[in-house]
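Undergrad: no FASTA, just this:
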């Protein structure tokens with residue numbers, strides 16, 4: 001009888017499977033069906049989760065939910081707007097002259113010797129539970145004098161039996177600024193901040209000396225003072241900058257300026273911790289709405305709601321259309337809405353895409369492999385979901401990214417560079433001939449918009465509509481920009497001395513050189529397309545393929561003629577784009593980010609004027625002049641701005657792209673009941689073929705059973 005049980009169980013499952021839960025292919029435990037959990041995936045292990053070291057988007061995916069700088073970007077408002085996070089109000093800014101006396105708010109940059117930012121944080125904010133804060137009955141920290149023997153049974157942070165917490169104070173923010181100067185952190189913004197924060201450079205020199213002399217893993221930064229950063233009281237601190245640098249306020253929304261408790265710094269610096277991967281790079285400690293409770297980068301990462309979170313409410317206002325789109329349905333409600341976020345490792349895009357379609361991931365990007373299955377373009381060129389996606393209730397969101405991809409000319413080159421009218425018209429002709437509308441359609445699946453200049457749309461300084469087009473390359477036709485005809489470009493070639501692409505004096509064909517880091521069959525079609533674009537003007541384009549290290553070396557030496565590059569904005573300010581063409585940032589002479597080595601005295605003077613100005617009509621007028629100069633000089637083919645496509649299921653609420661904020665998980669809301677219903681509908685096992693196979697198996701046994709029966713009967717007789 002016992003032998004028949006597995007067989008009977010198979011029969012029951014076979015014919016009753018699909019009648020009820022559980023689903024056979026569900027990757028999650030059944031007790032998560034009704035839970036408010038967000039499911040997503042990641043493709044690459046985050047390297048740094050220490051906020052003073054991290055500068056990568058795949059790391060910010062986690063850091064932004066754990067750490068809290070004083071400021072953040074408003075979730076709904078566009079253009080992007082800063083608002084408070086832990087700060088009670090926006091920082092109070094004071095300008096000081098050389099005599100140390102206060103200046104008016106509209107003081108000119110050359111009058112300002114120092115700028116002081118005073119920041120007051122909210123009381124009553126506590127850190128997440130963490131062993132670094134655990135104390136005994138006498139009030140002594142439990143885990144700050146550990147020996148290697150004490151760590152024998154410790155393998156992960158959760159192995160410490162006790163945790164504690166304490167209130168966030170101003171000194172924690174000051175401590176983190178000091179960590180930028182620590183020689184062991186290798187902060188990527190240390191050199192930049194040292195130019196502005198008074199005393200940071202000097203502190204770095206002192207720390208290097210002491211770190212080398214003492215050879216200790218832990219340096220108590222509380223014992224070091226820094227002239228430009230000081231604690232005013234328990235909840236207030238000040239940062240003093242050299243000169244006027246309005247863009248600094250954007251940095252106060254980034255993880256670099258999050259608080260760091262000295263207890264955590266000391267805890268992780270103890271001998272033996274690093275060997276067990278127990279470090280700030282592995283286990284962050286913050287005051288945010290979530291904390292990292294599982295870090296297994298070879299399988300999954302789990303963020304869990306911080307039980308000590310101080311509370312925050314969903315925004316009560318946004319931009320036009322937010323109310324109609326349901327983005328204010330949760331106005332005023334307490335954040336966060338979800339209890340947990342589970343990120344699974346997916347190295348390949350196809351498995352991740354299939355799991356999204358099955359409902360096991362709540363959101364998804366759209367890559368080239370899945371694009372045609374998900375998106376189609378309407379008669380007006382607008383992106384729409386395919387019928388299959390719409391039937392599933394999947395939604396599409398698009399947003400122009402804060403990035404730009406451009407083709408640059410080396411302005412030091414004798415042929416394509418230079419500031420003469422001849423050189424300028426040659427570059428203008430090429431700017432018209434390279435059809436970026438076609439490029440976006442072919443190589444980006446239509447996910448992009450042609451750039452009209454250096455400033456990305458939505459950033460102060462850019463303009464929309466007729467006023468925003470590049471008149472060198474486009475004309476305004478029936479309410480839309482239209483690229484000028486190739487005949488206009490050919491006329492410019494004649495005026496530049498290259499009729500039909502040949503030198504008017506020598507008759508030789510014009511040959512230009514493009515350095516590419518791409519290789520293999522995937523890039524061949526792109527390079528062939530590019531050669532055809534130049535051929536429209538009679539120009540022969542020679543492709544010089546190289547590896548990225550060699551390419552960088554050639555860029556530094558200025559031996560590149562034409563190249564292709566891109567830039568992602570650090571913050572939403574025109575200065576962050578225009579500085580890429582500022583003369584003193586030239587790559588060859590100054591090792592800066594001006595890869596084209598462009599230098600125009602008028603442009604440079606205007607940049608000096610606007611870089612420290614607040615956004616105003618006056619600043620807009622100056623920026624307009626700068627953009628006009630750049631369009632006429634054409635040191636870049638302005639290229640294109642990518643458009644991000646993202647998909648989400650109907651149970652995923654408050655979906656609005658915010659390309660500057662990194663802490664948007666707290667705004668997301670999940671309807672787990674609807675999700676569970678959809679999963680069941682989409683993932684029922686298809687048992688029909690199995691049932692027919694089983695029936696066929698039974699039928700095939702009938703002759704054998706009949707023969708056996710006859711044999712047994714004959715034996716009996």
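TA: Good, I have the coordinates. This is a predicted model, so every value here is computed, not measured.
Undergrad: Which other helices and strands does the helix of greatest length in the chain contact?
TA: The single longest helix within the chain, with elements called by DSSP state H, is helix 688-716. On a contact count with 3 or more C-beta pairs under 8 Å, 6 or more residues apart in numbering; DSSP states H and E, helix 688-716 meets helix 4-16. Using the backbone N, CA and C atoms, a C-beta is placed for each residue, glycine as well.
Undergrad: per-residue confidence for the nearest residue to residue 584 once chain neighbours are set aside?
TA: Closest residue in space to residue 584, ignoring its immediate chain neighbours: residue 590 at 5.8 Å, by C-beta to C-beta, 6 or more residues apart in numbering. Note on residue 590: pLDDT of 86.
Undergrad: looking at it, residue 590 is touching residue 582, isn't it?
TA: No - the criterion here is C-beta atoms under 8 Å, and residue 590 misses it with residue 582 at 9.6 Å.
Undergrad: Return the set of buried residues in the helix or strand where residue 440 lies.
TA: Using DSSP states H and E, residue 440 maps to helix 436-443. Across helix 436-443, burial judged by 16 or more other C-beta atoms under 10 Å covers 436-437, 439-440.
Undergrad: Give me the mean pLDDT for it.
TA: 93.
Undergrad: Remind me what it packs against, helices and strands.
TA: strand 448-450, helix 521-535, strand 636-648.
Undergrad: And the contacts of the second one?
TA: Outside helix 521-535, the residues within contact range by C-beta atoms under 8 Å, 6 or more residues apart in numbering are 430, 433-435, 438-439, 442-443, 512, 514, 516, 518, 540-541, 543.
Undergrad: and if we set it to 7 Å?
TA: 433-435, 442-443, 512, 514, 516, 518, 541, 543 (C-beta atoms under 7 Å, 6 or more residues apart in numbering).
Undergrad: which parts of that helix are buried?
TA: In helix 521-535, counting by 16+ other C-beta under 10 Å, buried: 527, 530, 533-534.
Undergrad: burial measure for residue 696, as a count.
TA: Residue 696: 10 surrounding residues under other C-beta atoms under 10 Å.
Undergrad: gap between it and residue 585?
TA: 75 Å (C-beta to C-beta, to the nearest Å).
Undergrad: check contacts around the closest residue in space to residue 673 that isn't next to it in sequence.
TA: Of all residues not flanking residue 673 in the chain, residue 34 sits nearest, at 6.7 Å (C-beta to C-beta, 6+ apart). Neighbour list for residue 34: 672-673, 676 [criterion: C-beta under 7 Å, 6+ apart].
Undergrad: Phi and psi next, for residue 34.
TA: phi -100, psi 10 (degrees, to the nearest 10).
Undergrad: Tell me where the model's unsure across the stretch 551-700 of the chain.
TA: Along the stretch 551-700 of the chain, the parts satisfying pLDDT under 70 run over 686-688, 690-691.
Undergrad: can you give me the strands in it?
TA: With DSSP state E, counting those that start in this stretch, the ranges of strands along the stretch 551-700 of the chain come out as 562-568, 636-648, 652-653, 669-670.
Undergrad: Which helix or strand in this structure has the lowest average pLDDT?
TA: Using mean pLDDT, DSSP states H and E, helix 4-16 stands out as the lowest-scoring helix or strand of the chain, at a mean of 50.
Undergrad: Going along the chain from that helix, find the next helix or strand for me.
TA: Criterion used, DSSP H and E; the element after helix 4-16 is strand 37-42.
Undergrad: got the contact list for that following strand?
TA: Contacts for strand 37-42 (C-beta under 7 Å, 6+ apart): 58, 61, 301, 338-346, 352, 360-363, 668, 670.
Undergrad: Go through these and flag which are in strands.
TA: Counting by DSSP state E, the contacts of strand 37-42 place 301, 340-345, 363, 670 in strands.
Undergrad: In ChimeraX, how would I select the buried members of these?
TA: Burial among the ones in strands among the contacts of strand 37-42 is assessed by 16+ other C-beta under 10 Å; the matching ChimeraX selection reads:
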select :301,340,341,342,343,344,345,363,670
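Undergrad: Output the ones in strands among the contacts of strand 37-42 as a markdown table; include the columns distance to residue 67.
TA: Supplementary listing: the ones in strands among the contacts of strand 37-42 in a markdown table, determined by distance: C-beta to C-beta, whole Å:
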| residue | distance to residue 67 |
| --- | --- |
| 301 | 16 |
| 340 | 18 |
| 341 | 15 |
| 342 | 20 |
| 343 | 17 |
| 344 | 23 |
| 345 | 23 |
| 363 | 23 |
| 670 | 23 |
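Undergrad: Tell me which two of the ones in strands among the contacts of strand 37-42 sit farthest apart.
TA: Maximum pairwise distance among these (C-beta to C-beta): 21.2 Å, between 345 and 670.
Undergrad: circling back to that earlier point, go through the ones in strands among the contacts of strand 37-42 and name the one nearest residue 554.
TA: For those, the nearest to residue 554 is residue 345 (36.7 Å; C-beta to C-beta).
Undergrad: From residue 300, how far off is the closest one?
TA: 6 Å.
Undergrad: Would you mind giving me the confidence score for the spatially most central residue of the chain?
TA: Nearest residue to the geometric centre of the chain (C-alpha atoms, centre = their mean): residue 57, 3.8 Å. Looking at residue 57, its pLDDT stands at 83.
Undergrad: so where's the chain shaky on pLDDT?
TA: Scanning the chain for pLDDT under 70 picks out 1-22, 213-216, 379-381, 518-522, 686-688, 690-691, 715-717.
Undergrad: which stretches of the stretch 101-250 of the chain form strands?
TA: Applying DSSP E, counting those that start in this stretch to the stretch 101-250 of the chain gives strands spanning 114-120, 229-233, 236-242.
Undergrad: which residues touch the first one?
TA: Residues from elsewhere that reach strand 114-120, judged by C-beta under 7 Å, 6+ apart: 70, 87-88, 91-96, 198, 235-242, 244-245.
Undergrad: and residue 279, how many neighbours does it have?
TA: A count of nearby residues for residue 279, using other C-beta under 10 Å, gives 18.
Undergrad: isn't it right next to residue 267, touching?
TA: No - using C-beta atoms under 7 Å, residue 279 is not in contact with residue 267; the gap is 9.8 Å.
Undergrad: Domain-wise, how is the protein divided?
TA: 4-17+685-716, 50-276, 403-644 (automatic domain parsing).
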